[in-house]
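**Student:** For reference, the sequence and a predicted model appear below.
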Amino acid sequence: MSGRRLILRALIPGIALLGSSTLVAAGAPKLEGAERTWAFYCEGCHAAGIEEHPATLRLSYTRSPELAAIKGRQDLSPEYLRQVVRMGYLEMVGFRKTEISDAELEALIKFIRLPVPAQIKIQAQGEQ
Ligand code: HEC
């Protein structure tokens, strides 16, 4: 494992914790299922907004500004998402089954590929 991979590994729990404590502090409803997996493992690097999210910034250069935020992207096939999450991709480390189980990964893939307005609807229903 290279030094850079080790540093990224070390940063992930911190980023995830930062994300979840912000959500709790804002009084957001408790997250469950794929929404929670996304918030805990992905959002810290991949949420919309290139200022705060390193993966979104990087993808805005290597892909395009339209493809920078991965949530809601229809061009990311389930097979590709599965492979990137398990194996990692360039600067991104992969996640083990002890971190994200196969069932959690399948739910996460469906969540990521939902058009963003549908995700907002699901979140709104969750608050009822
Ligand atoms: C520590 C930061 C970090 C975390 C956490 C992270 N990623 Fe990434 N991800 C990146 C970076 C950086 C890239 C761009 C890779 C590059 O160009 O070096 C990337 C790339 C990707 C890509 C490729 C997008 C494309 O256009 O091909 C996908 C898909 C992806 N990540 C999904 C996820 C998912 C799903 C999670 C949560 C399970 C996650 N990532 C967690 C940093 C992260």
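**Tutor:** Good, I have the coordinates.

**Student:** Show me which residues of this structure are close to the ligand?
**Tutor:** For the chain, the residues found near the ligand under the criterion CB under 6 Å from any ligand atom are 8, 11-12, 41-42, 44-46, 54-55, 58-59, 62-63, 67, 70, 76, 81, 84-85, 89-92, 95. Just so you know, the C-beta spots here come from the backbone N, C-alpha and C atoms, and that holds for glycine as well.

**Student:** Just the buried residues of those residues.
**Tutor:** The neighbour count (16 or more other CB atoms under 10 Å) marks 8, 12, 41-42, 44-46, 54-55, 58-59, 70, 76, 81, 84-85, 92, 95 as buried among the residues of the chain next to the ligand.

**Student:** Show me those that map onto helices.
**Tutor:** Among those, the subset assigned to helices under DSSP state H consists of 8, 12, 44-46, 54-55, 58-59, 81, 84-85.

**Student:** Reformat those as TSV; add pLDDT and distance to S101.
**Tutor:** TSV is the format used below for those (pLDDT from 0 to 100; distance: CB to CB, whole Å):
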residue	pLDDT	distance to S101
L8	52	22
I12	54	17
G44	96	20
C45	97	20
H46	97	20
P54	96	26
A55	97	22
R58	97	27
L59	97	26
L81	98	15
V84	98	17
V85	98	11
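
**Student:** now those residues as CSV including distance to A103?
**Tutor:** Compiled in CSV, these are given as follows (distance: CB to CB, whole Å):
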residue, distance to A103
L8, 25
I12, 21
G44, 22
C45, 23
H46, 21
P54, 28
A55, 24
R58, 29
L59, 27
L81, 15
V84, 18
V85, 13
